[in-house]
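>>> Mind looking at a prediction? Sequence and model below.
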There are 2 protein chains.
Amino acid sequence: MPLTVHSLKAACSQCNLQELCLPLGLSEAEIKRLDSLVSTRRKVKRGHHLYRTGAAFEALYAIKTGFFKTDVLMEDGRDQVTGFQMAGEILGMDGISLESHTCNAVALEDSEVCVIPFAQLEQLSSEMRTLQHHFHKVMSREIVRDQSVMMLLGTMRAEERLAAFLLNFSQRFTARGYSAAEFHLRMTREEIGSYLGLKLETVSRAFSRFQEDGFIVVQQKHIRILDIDALKSLLTHAPMPAPFTSRG
Amino acid sequence: MPLTVHSLKAACSQCNLQELCLPLGLSEAEIKRLDSLVSTRRKVKRGHHLYRTGAAFEALYAIKTGFFKTDVLMEDGRDQVTGFQMAGEILGMDGISLESHTCNAVALEDSEVCVIPFAQLEQLSSEMRTLQHHFHKVMSREIVRDQSVMMLLGTMRAEERLAAFLLNFSQRFTARGYSAAEFHLRMTREEIGSYLGLKLETVSRAFSRFQEDGFIVVQQKHIRILDIDALKSLLTHAPMPAPFTSRG
DNA sequence: ATGTAGCGTTGACACAGATCAAACGCCTTT
DNA sequence: AAAGGCGTTTGATCTGTGTCAACGCTACAT
């Protein structure tokens, strides 16, 4: 078995991710009730699945430590990474609708999640309006995030997509107290490509291009951003018609 | 003002879309309570907005009659259609997370929606667990739908995208009691293209190709599907490597 | 230390779809 | 009925990204 179930109390009340995965402004009594909701944790080793497509849906998972990807596999073998999730983010909401999961969730490094049994979450949120409202916001945020991925896949060129990707990670690391300018990507070029709707070679070339242009320093999976404004301006300016695009 | 507000009772209890937008198996008393929740309707003329990006979020909207698109506009002018919605579907869930809308919703034909004030929906769903659970499923379904759009935009070729698009509409019309094989598209080639991440010319060519191959008959916006299995098989088979792809 | 397998980079070339352009058909307006 | 405008179709050409291939680097295992 790849998965380890702990009977440890998850103890939201003492978790340093509170601001990210919990509603703000709860009373002490309310946080105590959350503690009882989120009663178990689960460790997932790198490369192992938290859940698989088709598995019965029973719980949501709050990532305590580590890093995940979700992906969808088509019958013909093509697959698409639909997201990368880090500490403080919620996994599993895809499963609510059909009561079984519609994607795979795979740990990209040794990780630990808090298990939130869904029936109990619904029970508690019907009693705690703050929690209910917060949960609705979390689901809505997922819908908004998906919209921006559609935008990315539907209208952006390769380098814009990668710039958007880097800026998104920079921003999410910042929100967790890490450096906005320097971080370690856990996924391969192929996984980045799958997420961005590009081939791994194209991702690699775009990285090289950004480095040549002095926007970033790339050393394998380690990224250092030198000129964040340059990356931003790649996004806000529409792609110029042919003759003005070339930089070589 | 493009919008007309009716003080008509919306009367879920007498609506023929119950199976689509309401939880199943409600008691009569429960349906009565819903009637009081959804108290107003709003008419939206073709081309007019139901809501715009940035507008304060106050309510969800259940489409009673008509047809909508949602789209997102980037600063540089590029835009992306993120969805097409028809009777029985819910609009506005994007707004919950930030309390303001993140996309535009535009009527593609004269339409009418039921207004569901969100605060009241949360109030009522904390009292009616069936309703709460149903609402969670509706939001999750939106997340799952977005996943399949990502798959479409990330991994499919032009003709596959259009086949997926047609099959999706066929299936949704069927669910509403209309013909699975013959329907009228309300949007332009450009809007289809924006949704599918293609240019309008590519959409037009793919339609022509399907017609040459005898899969469909196209007359402007009117579509008749002759060979639905052929469309399905375009999706389930991976694209062949070059020499076997050509059909001309 | 040394071998090895997987990941990443780079180059050459091919192709699907974008772009540019022109003509056509449909629907609305006068 | 004529005119105009918009949406659509179709053709010719261009280009960004995919594909195929070779090589290099890194990290891990022995």
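On my side now, so go ahead.
>>> Please name the residues that touch the residue nearest the centre of chain A.
Nearest to the mean C-alpha position of chain A, by C-alpha atoms, centre = their mean, lies residue A:85 at 2.2 Å. With contacts defined as C-beta atoms under 8 Å, 6 or more residues apart in numbering or on different chains, residue A:85 is in contact with A:63, A:67, A:68, A:69, A:70, A:91, A:105. Quick note: C-beta positions are derived from backbone N, CA and C, even for glycine.
>>> do the host helix or strand of residue A:230 and DNA strand D meet at all?
If you go by DSSP states H and E, residue A:230 is part of helix A:228-236. No: Helix A:228-236 does not reach DNA strand D (C-beta under 7 Å from any atom of the strand); its nearest approach is 11.8 Å.
>>> Setting aside sequence neighbours, what's the nearest residue to the residue nearest to the centre of chain A?
residue A:68 (4.5 Å; C-beta to C-beta, 6 or more residues apart in numbering or on different chains).
>>> how about that neighbour, what does it touch?
A:44, A:50, A:84, A:85, A:86, A:91, A:105, A:106, A:107, A:108, A:111.
>>> Pretty sure residue A:184 sits against residue A:219.
No: look at residue A:184 against residue A:219 with C-beta atoms under 8 Å: they stay out of range, at 9.9 Å.
>>> More neighbours: which of the two?
residue A:184 (13 against 9; other C-beta atoms under 10 Å in any protein chain shown).
>>> Can you name the residues bridging to that one?
Counting by DSSP bridges, residue A:184 forms beta bridges with residue A:222.
>>> any idea how far it lies from DNA strand D?
Distance, residue A:184 to DNA strand D, using C-beta to the nearest atom of the strand, to the nearest Å: 10 Å.
>>> how much space is there between that residue and residue A:223?
Using C-beta to C-beta, to the nearest Å, residue A:184 is found at 8 Å from residue A:223.
>>> For the top helix by length along chain A, give the mean pLDDT please.
Secondary structure of chain A per DSSP state H: the longest helix is helix A:129-155. Mean per-residue pLDDT for helix A:129-155: 96.
>>> and the angle from it to helix B:129-155?
With axes from the mean of the first three to the mean of the last three C-alpha atoms, to 10 degrees applied, the angle from helix A:129-155 to helix B:129-155 works out at 20 degrees.
>>> buried set for helix A:129-155?
Neighbour-count burial for helix A:129-155 flags A:131-136, A:138-147, A:149-155 (criterion: 16 or more other C-beta atoms under 10 Å in any protein chain shown).
>>> quick one: buried residues of the helix holding residue A:230?
A:228, A:231, A:234, A:235.
>>> Kindly reformat these as JSON lines and extend each row with distance to chain B and pLDDT.
Below are those laid out as JSON lines (distance: C-beta to the nearest C-beta, whole Å; pLDDT from 0 to 100):
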{"residue": "A:228", "distance to chain B": "17", "pLDDT": "97"}
{"residue": "A:231", "distance to chain B": "15", "pLDDT": "97"}
{"residue": "A:234", "distance to chain B": "11", "pLDDT": "95"}
{"residue": "A:235", "distance to chain B": "8", "pLDDT": "92"}
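>>> could you show me where the strands are in chain A, in order?
Assigned by DSSP state E, the strands in chain A fall at A:3-6, A:40-44, A:49-51, A:59-65, A:67-73, A:79-86, A:90-91, A:104-107, A:111-117, A:182-184, A:216-219, A:222-225.
>>> CSV for those strands, including mean pLDDT and distance to residue B:215?
Converted to CSV, the strands of chain A look like this (pLDDT from 0 to 100; distance: least, C-beta to C-beta, whole Å):
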stretch, mean pLDDT, distance to residue B:215
strand A:3-6, 48, 46
strand A:40-44, 93, 44
strand A:49-51, 97, 37
strand A:59-65, 95, 42
strand A:67-73, 97, 26
strand A:79-86, 96, 25
strand A:90-91, 96, 39
strand A:104-107, 97, 32
strand A:111-117, 94, 46
strand A:182-184, 95, 48
strand A:216-219, 96, 46
strand A:222-225, 96, 46
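>>> Quick check: which of the ones you listed is nearest to DNA strand C?
Of all the strands of chain A, it is strand A:216-219 that lies closest to DNA strand C, at 5.0 Å by C-beta to the nearest atom of the strand.
>>> isn't residue A:95 right next to residue A:61, touching?
No: contact criterion C-beta under 8 Å: residue A:95 and residue A:61 do not qualify, at 10.3 Å.
>>> Can you pull the residues of chain A lying near DNA strand C?
A:188-190, A:200-201, A:203-205, A:207-208, A:218, A:220-221, A:241-242.
>>> how does chain A divide into domains?
Domain assignment for chain A by automatic domain parsing gives A:3-152, A:156-245.
>>> Any chance of TSV for those, columns distance to residue B:55?
Supplementary listing: the domains of chain A in TSV, determined by distance: least, C-beta to C-beta, whole Å:
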stretch	distance to residue B:55
domain A:3-152	15
domain A:156-245	23
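>>> just so I know, which of those domains lies nearest residue B:177?
Across these, residue B:177 has its closest neighbour in domain A:3-152 (22.4 Å, C-beta to C-beta).
>>> before we move on, back to that, does anything pack onto the helix holding residue A:230? Which helices or strands?
helix A:158-175 (3 or more C-beta pairs under 8 Å, 6 or more residues apart in numbering or on different chains; DSSP states H and E).
>>> relative orientation of the helix it packs on and helix A:129-155 in degrees?
Using the same axes, to 10 degrees: helix A:158-175 against helix A:129-155 is 160 degrees.
>>> Please state the offset of helix A:158-175 from the chain centre?
12 Å (C-alpha atoms, centre = their mean, to the nearest Å).
>>> if you look at it, does any of it touch DNA strand D?
Yes: on the criterion C-beta under 7 Å from any atom of the strand, helix A:158-175 is in touch with DNA strand D at A:158, A:159.
>>> roughly how far apart are the closest residue to residue A:34 other than its chain neighbours and residue A:131?
Closest residue to residue A:34 apart from its sequence neighbours, by C-beta to C-beta, 6+ apart: residue A:12 at 4.6 Å. Residue A:12 sits 11 Å away from residue A:131, taking C-beta to C-beta as the criterion.
>>> Between these two, which contacts overlap?
residue A:34.
>>> Report how many residues lie close to the nearest residue to residue A:141 once chain neighbours are set aside.
The spatial neighbour of residue A:141 that comes closest, neighbours along the chain excluded (C-beta to C-beta, 6+ apart), is residue B:97 at 4.2 Å. Close neighbours of residue B:97, defined as other C-beta under 10 Å, add up to 19.
>>> wait, residue B:97 sits on residue A:137?
Yes: counting by C-beta under 8 Å, residue B:97 touches residue A:137, with 4.9 Å between them.
>>> list the contacts for residue A:151?
B:72, B:74, B:80, B:82.
>>> again, but for residue A:79
A:71, A:72, A:73, A:194, B:155.
>>> repeat that with 6 Å
Applying C-beta atoms under 6 Å, 6 or more residues apart in numbering or on different chains to residue A:79 gives the contacts A:71, A:73.
>>> cool, and the one 3 residues further on?
Counting by C-beta under 6 Å, 6+ apart, residue A:82 touches A:70, A:72, A:103, B:147, B:150.
>>> Between the residues you listed, which sits nearest residue A:116?
Distances from residue A:116 to the contacts of residue A:82, taken by C-beta to C-beta, are shortest for residue A:70, at 16.8 Å.
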